[in-house]
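1. Give me a 3D structure for the following:
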Amino acid sequence: MVRKILQPFYTGYVILIFTATLFIVLPFYLLFSIPNNKVYRKKMWMLSRIWARVWLWLTGMPVRLNGKIPDTDRYVVVSNHVSYLDPIVIFDVLPWYFRPLAKKELSKAPVFGFIYGQMALMVDRSNPYSRAKSMRLMWRALRNECSIFLYPEGTFNESEEPMKSFYDGAFRLAINSGKPILPILFPDTKERWHYSHWWKIWPGKNRAFVLDVIPVDGLTLEDLEELKNTAYCMMSEAMKDCIKQE
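-> Residues are numbered from 1 along each chain as shown. Below is the predicted model of the structure:
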């Protein structure tokens, strides 16, 4: 009953802080977006990391890291996807530069869409050409620029299972680029900002569990299904343990 009464006020506060802080950093994003190169994208990443940490702290949704992030290198970073909060929390979690893969629809969001679109690699999942192009861009970024972050489930997991079935993209990318996979789990973000309604926001901790790196040395596309199943089993079992620890 208390939550039902207070939630509209808390949601209003979150939206206010979200909007105010985004407009504070917006001029810097506009400035950094002009050169459109990896040096300035890295500056935007750093600004996003600072903004995410400040916003999560101000709204009472801090991140608690469990496990050790590996030293700076290039990885295909994958996580579960259960909340609108996931794309923000990842900036608090990863201490090194990365670029996320994001669906094209996200770029239409006012202010946030523009900012996120400056760093993310956008994809129209309904367009085969766009999917193929995004794969080439991710491969190029991994080779020449930074790590890539994406959701192997493709979209929100609305099922009762710990994880939805995985698409091939993340694992094809890892094999083709020769870069290892870094799995991370967010078991609490659904409780903070539920996917079913944008106004279902509530404060609390956001645990992030860093799992063991999955190497891809020597693998070919013939090993894709086995690699995908290995990651799926590891993340599903770990998610069950995370929920039990709550």
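
2. Next up, identify which helix or strand Ile148 is on.
-> Secondary structure from DSSP states H and E places Ile148 in strand 147-150.

3. quick one: strands adjacent to that strand?
-> Strand 147-150 pairs in its sheet with strand 76-79 (parallel), strand 98-103 (parallel), by DSSP bridges.

4. what's downstream of the lowest-mean-pLDDT helix or strand in the chain, the next helix or strand?
-> Here the helix or strand of the chain ranked lowest by mean pLDDT, DSSP states H and E is helix 112-119, holding a mean of 77. Remark: after helix 112-119, the chain's next helix or strand is strand 121-123, criterion DSSP H and E.

5. Now the spatially most central residue of the chain: closest residue in space that isn't a chain neighbour?
-> When Cα atoms, centre = their mean is applied to the chain, the residue found nearest the centroid is Pro87 (4.0 Å). With sequence-adjacent residues excluded and distances taken as Cβ to Cβ, 6 or more residues apart in numbering, Pro87 is closest to Pro100, at 6.5 Å. All C-beta atoms are positioned from the backbone trio N, CA, C, and that covers glycine.

6. Surely the one you found touches Gln118?
-> No: between Pro100 and Gln118 there is no contact under Cβ atoms under 8 Å: 11.4 Å.

7. Name whatever forms a beta bridge with the nearest residue to Tyr84 once chain neighbours are set aside.
-> Spatial nearest neighbour of Tyr84, excluding adjacent residues (Cβ to Cβ, 6+ apart): Trp193 at 4.9 Å. In this entry, Trp193 is beta-bridged to Ile201, by DSSP bridges.

8. where's Trp193 relative to Asp86, distance?
-> Distance, Trp193 to Asp86, using Cβ to Cβ, to the nearest Å: 9 Å.

9. got it, and Phe28?
-> In terms of Cβ to Cβ, Phe28 sits 24 Å off from Asp86.

10. More neighbours: which of these two?
-> More crowded of Phe28 and Asp86, by other Cβ atoms under 10 Å: Asp86, with 23 against 14.

11. mind listing what the more buried one touches?
-> Applying Cβ atoms under 8 Å, 6 or more residues apart in numbering, we find Asp86 in contact with Ser79, Asn80, Tyr151, Phe186, Thr189.

12. Quick one: name whatever helix or strand follows the strand holding Ile148.
-> From strand 147-150 onward toward the C-terminus, using DSSP H and E, the following helix or strand is helix 169-177.

13. What is the distance between the helix or strand just after that next one and the centre of its chain?
-> Scanning forward in sequence from helix 169-177 by DSSP H and E, the next helix or strand is strand 181-185. Centroid separation for strand 181-185 versus its chain: 10 Å, with Cα atoms, centre = their mean, to the nearest Å.

14. Next: stretch 142-154.
-> 10 Å.

15. what about it, how long is it end to end?
-> End-to-end distance for stretch 142-154: 20 Å, by Cα to Cα, to the nearest Å.

16. pLDDT on that stretch, on average?
-> When pLDDT is averaged along stretch 142-154, the result is 95.

17. quick one: buried residues of it?
-> Neighbour-count burial for stretch 142-154 flags Leu142, Glu145, Cys146, Ser147, Ile148, Phe149, Leu150, Tyr151, Pro152, Glu153, Gly154 (criterion: 16 or more other Cβ atoms under 10 Å).

18. quick one, helices of the protein?
-> Secondary structure of the chain (DSSP state H): helices at 2-33, 38-58, 86-93, 112-119, 128-144, 169-177, 189-192, 224-245.
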